[in-house]
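Peer 1: give me a 3D structure for the following:
(one chain, ligands or ions: 1)
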Amino acid sequence: MVLLDGQALAKHKESMLQEEVARLDVVPVLAVILVGDNPASRVYVNMKVKACARVGINCQLQHLEDSTPQSKLLEILHALNANSSVHGILVQLPLPAHMDTREILEAIAPHKDVDGFHPLNVGRVYSNSLLKGFLPATAMGVMQLLEHYNIAVKGKDVVIVGASNIIGKPLASLMLNAGASVSICHILTKDLSIYTQKADIVCVGVGKVGLVGPDLLKEGAVVVDIGINKQGDKIVGDVDFEAVRHKVSYITPVPGGVGPMTISALLQNTLLATQTALWERSC
Ligand code: GUN
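Peer 2: Predicted coordinates for the structure are as follows:
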C-alpha cells in the first residue's frame with residue numbers, strides 16, 4: 001500500500017506558487033467572506049488565511065454575523081466585483097439558512113470566482129471547455145494527487161460517493177473528462193457495495209465515519225478519502241483506514257491527504273485569477 005501524501009505534494013506546490021506570486025507586479029488579493037459561527041467553517045477559513053500568507057497572497061477576511069441580511073452580503077459582493085484590486089472572491093459555505101446559496105454564488109463575478117461555484121464556471125467544467133474559468137478546489141486537488149502518483153484514470157471504473165455541488169459533481173465531471181467510467185452514489189443509493197466492489201478508484205466524501213470498510217472494496221483499489229470528521233480530538237475520514245490499508249494499492253491519509261491539496265488548489269486559482277486580470281488589463 002502506498003500513501004497518497006497530499007501534505008508533501010501541497011507543500012511542494014506552495015513553494016512553486018510562492019515563487020510565481022513573487023514574480024507578479026501586484027500582490028494578489030483574495031476576499032474571503034465567512035458568515036456566522038459554524039465551527040468547521042472557522043477552521044477551514046483559518047487554514048485558507050494562513051496558506052495565503054505563506055505564499056504571499058493578501059487574504060482579506062470579512063467575518064459577518066449570522067443574522068446578516070442577504071441584501072447586505074449581495075451589496076458586499078457587488079463592491080468586491082467592482083474593485084479591481086481584488087482578484088478572487090470566496091464565500092465560505094454553508095451559509096445560514098435564511099440565505100439563498102445559489103443567488104449568492106451567482107452574484108460573484110465569474111472571473112473572480114476562485115471556488116468555481118458560479119454556474120458559468122460549473123458549465124465550463126461540465127462541458128470540458130476549460131480555456132477560461134476555475135476548477136473547484138477539492139476536485140482539482142484530487143486529480144492533481146492522482147496525476148502526481150501516476151495513477152491513470154482513463155478507462156478506469158471510478159465510484160464517487162457523495163453528490164454535492166462542491167465535491168462529488170465536479171469531481172465526477174473531471175473524472176469523466178479524463179476518460180473514466182463514473183458512477184455517483186449518494187444517500188439514496190440502495191447498495192453501495194454493488195458499485196464500489198468493482199471500482200478501480202473509490203472517492204468518498206460524505207462525512208460519515210467508517211462508511212467504507214474492506215468489504216466495500218476490491219483488492220488493489222485506489223481509495224481517495226475526502227471526508228473530514230471529528231472523532232474525539234482526532235480528525236478522521238470516511239474510510240476505515242486501518243481496516244482497509246492491507247487491501248488497497250493507494251490511499252489518502254486523513255489528515256494529510258486531500259485537505260492540503262484543496263488549499264493549494266485554491267491558492268493556484270487565486271494566482272490564475274490575478275495573472276488573468278493583469279494580462280487582460282495589459283491588452
Ligand atoms: N465549504 C466546504 N468546502 C468549501 C469550499 O471548497 N469552498 C467554500 N467556499 N466553502 C466550502
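
Peer 1: from Pro69, how far off is Asp100?
Peer 2: 12 Å (CB to CB, to the nearest Å). (Glycine included, C-beta is placed from N, CA and C.)

Peer 1: cool, Gln268 as well?
Peer 2: Gln268 is 33 Å from Pro69, by CB to CB.

Peer 1: say whether the ligand is contacted by stretch 133-148.
Peer 2: Yes: using CB under 6 Å from any ligand atom, stretch 133-148 reaches the ligand at Ala137, Thr138.

Peer 1: nope, stretch 222-237 is what I was after
Peer 2: No: applying CB under 6 Å from any ligand atom, one finds stretch 222-237 separated from the ligand by no less than 9.1 Å.

Peer 1: who touches that stretch?
Peer 2: For stretch 222-237, contacts defined as CB atoms under 8 Å, 6 or more residues apart in numbering pick out 4, 40, 138, 142, 145-146, 151, 162, 167, 200-209, 211-212, 217, 238-239, 241, 244, 248-255, 257-259.

Peer 1: mean confidence score for that stretch?
Peer 2: Mean per-residue pLDDT for stretch 222-237: 96.

Peer 1: repeat that for stretch 83-93.
Peer 2: On average, stretch 83-93 scores 98.

Peer 1: any buried residues in that stretch, and which?
Peer 2: Neighbour-count burial for stretch 83-93 flags Val86, His87, Gly88, Ile89, Leu90, Val91, Gln92, Leu93 (criterion: 16 or more other CB atoms under 10 Å).

Peer 1: can you flag which of the residues you listed belong to strands?
Peer 2: Using DSSP state E, Gly88, Ile89, Leu90, Val91 are the members of the buried residues of stretch 83-93 that sit in strands.

Peer 1: name the nearest of the residues you listed relative to Lys112.
Peer 2: Among these, Ile89 lies closest to Lys112 (CB to CB), at 4.6 Å.

Peer 1: can I get the buried residues of stretch 83-93 in CSV including distance to the ligand?
Peer 2: Below are the buried residues of stretch 83-93 laid out as CSV (distance: CB to the nearest ligand atom, whole Å):
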residue, distance to the ligand
Val86, 16
His87, 16
Gly88, 11
Ile89, 10
Leu90, 5
Val91, 6
Gln92, 5
Leu93, 4
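
Peer 1: quick check: the farthest pair among those residues?
Peer 2: The most distant members of those, if one measures by CB to CB, are His87 and Leu93, lying 20.3 Å apart.

Peer 1: partners of the lowest-mean-pLDDT helix or strand in the chain in the sheet?
Peer 2: The least trusted helix or strand in the chain, going by mean pLDDT, DSSP states H and E, turns out to be strand 229-231, with a mean of 94. Paired strands of strand 229-231, with direction, are strand 234-236 (antiparallel) (DSSP bridges).

Peer 1: give the next helix or strand downstream of the strand it pairs with.
Peer 2: Scanning forward in sequence from strand 234-236 by DSSP states H and E, the next helix or strand is helix 241-244.

Peer 1: now do the same for the residue lying closest to Leu90 once chain neighbours are set aside: its pLDDT.
Peer 2: Spatial nearest neighbour of Leu90, chain neighbours left out: Val32 (4.9 Å); criterion: CB to CB, 6 or more residues apart in numbering. Val32 carries a pLDDT value of 98.

Peer 1: ok, Leu131 next?
Peer 2: 89.

Peer 1: do the one 5 residues further on as well
Peer 2: Each residue has a pLDDT score; the one for Pro136 is 98.

Peer 1: ok, now Asp115?
Peer 2: Reported pLDDT for Asp115: 98.

Peer 1: residues in contact with it?
Peer 2: Under the criterion of CB under 8 Å, 6+ apart, the contact list for Asp115 reads Leu90, Val91, Phe134, Pro136, Ala137, Leu266, Asn269.
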